[in-house]
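Asks: The amino acid sequence is not available; the structure is as follows:
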């Protein structure tokens, strides 16, 4: 028997967060009520605001509170002629952190998965095809995950892009920098050998 | 540069949760927006509701949305004559889960800590003293943490209770059940020897 039904409800609600079980939720609830009510109030407001306003960018499908996101609106990026296809908005953030890419993105929000009923239109292939046909895209960089579904999705997009005379490339797979060869799995190592580049 | 200032605000707000850093907050934000907007809305509502309504029980100081919490209002618990003093509401939940104690609680919401400026009145000693003088409490069980501050707090309460002819007891310290003697620290083992009980 608990001493507060509302507290119990809060602990239960906090478990909607990924990786948060009953014990962590309890710790979070007590922490917020005891030490950070202001932060909790702000979290409540921001959450409500975000759920109401954040939708998808019309051009790249990433999360955005505007019709077209800030990255797509950037004229320098539009002029680069490079379009990078990724699976999730988190991938966009990861690539942005490298500061190596200055083109625009297209976010699939998933990957092709016929067994789960996810077909081309569910991952925005119609929007991507429209962009390939209308915009002067020079290079399409496929940065889907190196999984079976990610590879299949990349292959599907490459086939589609072939109709529009767009150069298509796939990000390199191989041994991670700083990793030890001994600890790398066999498939990655095979990819690393197959994709070897001449030392100039 | 991010693609959505509101999303960035959400990721920052989620970091008010204990144990949640930038990466976890990002994962949580994407998960909620992508897969569980309903859960997020409920979390936002419950948080706002909890912050506005949850205060402290007037009798035991634990978190409660009512003036007096459900445990304190239970007549069976009131008649038991046992009062258990703990540091936090989480301790109440932990003891309740054992289903071994059927008295009422008093929650200090901390412990004596003169260096941090936390004196007797900050941990509700005045309310506890009033309860000891007015209610027919037969046994006061001190279940503060076995830390230096917890022990000092227990000692302080024991001194105070001596004026009111109340039996005072302290929970046993010793080797945890299921633990291995080899791995138990020296202080706990000393306590365990000092507090040995005769086998009947």
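Replies: Perfect, I can see it now. Small disclaimer: the values here were computed from a predicted structure and weren't measured.
Asks: Not counting its own residues, what contacts the helix or strand harbouring residue A:52?
Replies: Assigned by DSSP states H and E, residue A:52 falls within helix A:37-53. Contacts to helix A:37-53, defined as CB atoms under 8 Å, 6 or more residues apart in numbering or on different chains, come from residues A:32-33, A:65, B:6-7, B:9-10, B:13-14, B:16-17, B:29, B:32-33, B:37, B:40-41, B:43-45, B:47-48, B:50-51. Glycine gets a C-beta too; all of them are placed from N, C-alpha and C.
Asks: tell me the mean pLDDT for the next helix-or-strand element following that helix?
Replies: Using DSSP H and E, the next helix or strand after helix A:37-53 towards the C-terminus is strand A:55-56. The pLDDT scores in strand A:55-56 average 94.
Asks: List the contacts of the most centrally placed residue in chain A.
Replies: Computing the C-alpha centroid of chain A and ranking residues by CA atoms, centre = their mean puts residue A:88 first, at 1.6 Å. For residue A:88, the contacting residues are A:107-110, B:30, B:34, by CB under 8 Å, 6+ apart.
Asks: now with 10 Å?
Replies: Counting by CB atoms under 10 Å, 6 or more residues apart in numbering or on different chains, residue A:88 makes contact with A:62-63, A:94, A:107-111, A:144-145, B:30, B:34.
Asks: One more: residue A:118?
Replies: By CB under 10 Å, 6+ apart, the neighbours of residue A:118 are A:108-112, A:149, A:153.
Asks: Run through the residues that contact residue A:181.
Replies: Residue A:181 touches A:175, A:189, A:192, counting by CB under 10 Å, 6+ apart.
Asks: ok, now with 7 Å
Replies: By CB atoms under 7 Å, 6 or more residues apart in numbering or on different chains, the contact list for residue A:181 reads residue A:175.
Asks: What does the pLDDT read for it?
Replies: 86.
Asks: Touching the least confident helix or strand in chain A by mean pLDDT from outside, list them.
Replies: One helix or strand of chain A scores below all others by mean pLDDT, DSSP states H and E: helix A:186-194, with a mean of 87. Defining contact as CB under 7 Å, 6+ apart, one finds that helix A:186-194 is touched by A:173-175.
Asks: Repeat the analysis, applying 10 Å as the threshold.
Replies: Here helix A:186-194 has contacts from A:146, A:172-176, A:179, A:181, A:184-185, using CB under 10 Å, 6+ apart.
Asks: Enumerate the positions of stretch A:69-85 that are buried.
Replies: In terms of neighbour count (16 or more other CB atoms under 10 Å in any protein chain shown), stretch A:69-85 has its buried residues at A:69-74, A:77, A:80, A:82-85.
Asks: on that earlier part again, between the helix holding residue A:52 and helix B:37-53, how many degrees?
Replies: Interaxial angle of helix A:37-53 relative to helix B:37-53 (axes from the mean of the first three to the mean of the last three CA atoms, to 10 degrees): 150 degrees.
Asks: one step back: buried by neighbour count, from the contacts of helix A:186-194: which ones?
Replies: Buried among these (16+ other CB under 10 Å): residue A:174.
Asks: avg pLDDT for stretch A:101-109?
Replies: Computed over stretch A:101-109, the average pLDDT equals 94.
Asks: Which positions within it qualify as buried?
Replies: A:101, A:103-109.
Asks: which regions of chain A sit below the pLDDT cut-off?
Replies: For chain A, the stretches flagged by pLDDT under 70 are A:1.
Asks: can you give me the strands in it?
Replies: According to DSSP state E, chain A carries its strands in the segments A:55-56, A:63-64, A:82-86, A:104-107, A:139-142, A:167-170.
Asks: quick revisit: of the contacts of residue A:88, just say which sits nearest to residue A:162.
Replies: The closest of these to residue A:162 turns out to be residue A:144 (CB to CB; 16.9 Å).
Asks: Give me the neighbour count for the closest one.
Replies: 25 (other CB atoms under 10 Å in any protein chain shown).
Asks: which residues does the closest residue to it other than its chain neighbours contact?
Replies: The spatially closest residue to residue A:144, leaving aside those adjacent along the chain, is residue A:150, at 3.9 Å (CB to CB, 6 or more residues apart in numbering or on different chains). Contacts for residue A:150 (CB under 10 Å, 6+ apart) come out as A:86-87, A:108, A:111-112, A:142-144.
Asks: how close does residue A:150 get to residue A:96?
Replies: According to CB to CB, to the nearest Å, residue A:150 and residue A:96 sit 19 Å apart.
Asks: Likewise for residue A:147?
Replies: The value you get for residue A:147 to residue A:96, if CB to CB is used, is 22 Å.
Asks: between the buried residues of stretch A:69-85, which is nearest residue B:122?
Replies: residue A:70 (47.8 Å).
Asks: So the closest one is in contact with residue A:92, correct?
Replies: No - counting by CB atoms under 10 Å, residue A:70 stays clear of residue A:92, with 11.3 Å between them.
Asks: tell me, what's touching the two both at once?
Replies: What both residue A:70 and residue A:92 touch, as defined by CB under 10 Å, 6+ apart, is the set A:62, B:2-3.
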